[in-house]
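Participant: based on what follows, work out the 3D shape:
(one chain, ligands or ions: 2)
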Amino acid sequence: MRDASLLVVTDDETLVEEINSNLSNDDIRIADTHHVEEMLKEQYSFILLDEWMIESINTQSIPTTSVLIVLMRDRSFENARKWMAMGASELIIIPDELDNLEAVLQKKDRMKRQDINHFNDEYVGLDGAGAVRVFYSAKGGTGKTLIASMVAQNLQIQYGQRVILIDFNVQFGGVEVLFGLDPERSYLDLLPVINELSINHIQNVTVKEENTGIHVLLSPADPEQIELISEELVTRIIRTCRNHFDQVIVDLPAAFNTATFIALHEATHIYYVMNPDSLSVRTLKHSVELFRRYQIGNRDNVSLIINRHNSKSELSEQNIAQFIDLPVSGIIRSDFYGLQPNLNMGKPFYLKKNDKGISKTAQDVKKMVRKSIVKGG
Ligand SMILES: Nc1ncnc2c1ncn2[C@@H]1O[C@H](COP(=O)(O)OP(=O)(O)O)[C@@H](O)[C@H]1O
Ligand SMILES: [Mg+2]
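Facilitator: Numbers count the residues shown, from 1 in each chain. Ligands and ions are numbered 1, 2, ... in the order given. Below you'll find the model as predicted:
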């Protein structure tokens, strides 16, 4: 794969063997308790840190020029947050996710190269692990599904990012219609393999949309299956996708359920999709309170998308700013007639690179992606 050097910090010989067997890289060096400080003085592209070593090393001595990947012994949300805050750019649960390691390193490598080469100015915000962009609003029909789909198409077609779109609704979220897909399989088909979930399992149940190349993971057809959706299922799906794709775009229902809660927690960016009317503002206020109570979005990662804007809109951006203290990522025009051909035929909203988009709505989403998502992170 790459010719990057890699330092594994662990005392666990079995783990070393497993890492060796999972990687094709032969420049792997091992630092155990006695040699850590000395070995950390050298330069490595990657440092894999066993979390059991936390007591034996001074985390300050880890060079910031290396990509830090923490090997976690169990799936703890608390610890995960702690590691991320300490500068980890990726977390891998061992042994479950070890077979993803090669893919993770390749992705990091690719992102680094892209950074250095042509995307340098535009990609400041997309460095590190795959982004998880979650589209939510507590009100139905505001345009979450439409905008999430357009953003996904944009990132893949215009920016060559590897994109997966996940529809975490509990019953036909509408993505299947927008992409003209036959919903045969859904994320619930991953339940039997939840304990050993790998990107291969996910790719077996996704549909690759033929025009855009986007991978789409659909929601189940049957609402009775809602109880089967567990925190673990949602967490594992998102994290596994994150290790493999550059962009994980998540479309949520308006209901505040398990999938919504976990996806919002796992999000690197939350886009609250609202319409410029007072009902939307009232629902948003309620959501802001709910987010606060559940500690969602407290990393300053929530912004608004004001959709269905038109000259007769009840509220302007300024009006909305008076009520709500959140940044606005984009204002998207309403274009009922412009959208119809795409909606009816399940055709993509952008056909090729530099396509400006067939409706006003698609044009505005394209602008938003350029200004607020690619540049702003
Ligand atoms: N900017 C817009 N202009 C015109 N129609 C829109 C716009 N945004 C959304 N719609 C339409 O409104 C309906 C609801 O949108 P959808 O994305 O399914 O909402 P949600 O996922 O929030 O429930 C769909 O028919 C969609 O095509
Ligand atoms: Mg929807």
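
Participant: those residues of the chain touching ligand 2, which are they?
Facilitator: Residues of the chain lying close to ligand 2 by CB under 5 Å from the ion are Lys144, Thr145. Quick note: C-beta positions are derived from backbone N, CA and C, even for glycine.

Participant: how about the strands of the chain, start to end?
Facilitator: 6-9, 28-31, 46-50, 67-72, 90-93, 131-136, 163-167, 207-208, 215-217, 247-251, 269-274, 302-309, 328-333 (DSSP state E).

Participant: where does the chain dip in pLDDT?
Facilitator: 1-4, 77-78, 81, 85, 111-128, 376-377 (pLDDT under 70).

Participant: break it down into its structural domains.
Facilitator: Annotated domains of the chain cover 6-114, 125-374 [automatic domain parsing].

Participant: which of the ones you listed sits most buried?
Facilitator: Each of the domains of the chain was scored by mean neighbour count; the highest is domain 125-374, a mean of 19, by mean count of other CB atoms under 10 Å.

Participant: about what we covered before: would you format the domains of the chain as JSON lines with distance to ligand 1 included?
Facilitator: Shown next, in JSON lines, are these (distance: least, CB to the nearest ligand atom, whole Å):
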{"stretch": "domain 6-114", "distance to ligand 1": "27"}
{"stretch": "domain 125-374", "distance to ligand 1": "3"}
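
Participant: can I get the strands of the chain in TSV including distance to Ser61?
Facilitator: Converted to TSV, the strands of the chain look like this (distance: least, CB to CB, whole Å):
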stretch	distance to Ser61
strand 6-9	11
strand 28-31	11
strand 46-50	11
strand 67-72	12
strand 90-93	20
strand 131-136	29
strand 163-167	36
strand 207-208	44
strand 215-217	39
strand 247-251	32
strand 269-274	31
strand 302-309	34
strand 328-333	38
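
Participant: for Glu184, find the nearest of these.
Facilitator: strand 207-208 (7.7 Å; CB to CB).

Participant: just checking, what packs against that closest one?
Facilitator: Packing partners of strand 207-208 (3 or more CB pairs under 8 Å, 6 or more residues apart in numbering; DSSP states H and E): strand 215-217.

Participant: the strand it packs on pairs with which strands?
Facilitator: Here strand 215-217 has these sheet partners by DSSP bridges: strand 163-167 (parallel), strand 207-208 (antiparallel).

Participant: what sits against the residue of the stretch 1-150 of the chain found nearest ligand 2?
Facilitator: Nearest residue of the stretch 1-150 of the chain to ligand 2 (CB to the ion) works out as Thr145 at 3.4 Å. By CB atoms under 8 Å, 6 or more residues apart in numbering, the contact set of Thr145 is Phe135, Asp167, Gly173, Gly174, Val175, Leu178, Asp251.

Participant: quick one, what contacts the residue lying closest to His269 once chain neighbours are set aside?
Facilitator: Among residues not flanking His269 along the chain, Arg133 sits closest, at 4.8 Å (CB to CB, 6 or more residues apart in numbering). Residues near Arg133 by CB under 8 Å, 6+ apart: Ala148, Val151, Gln247, Val248, Ile249, Val250, Ala267, Thr268, His269, Tyr271, Ile373.

Participant: beta-bridge partners for Arg133, please?
Facilitator: Ile249, His269.

Participant: that one and Leu146, how far apart?
Facilitator: In this view, Arg133 and Leu146 are 15 Å apart by CB to CB, to the nearest Å.

Participant: cool, Ile237 as well?
Facilitator: Using CB to CB, Ile237 is found at 22 Å from Leu146.
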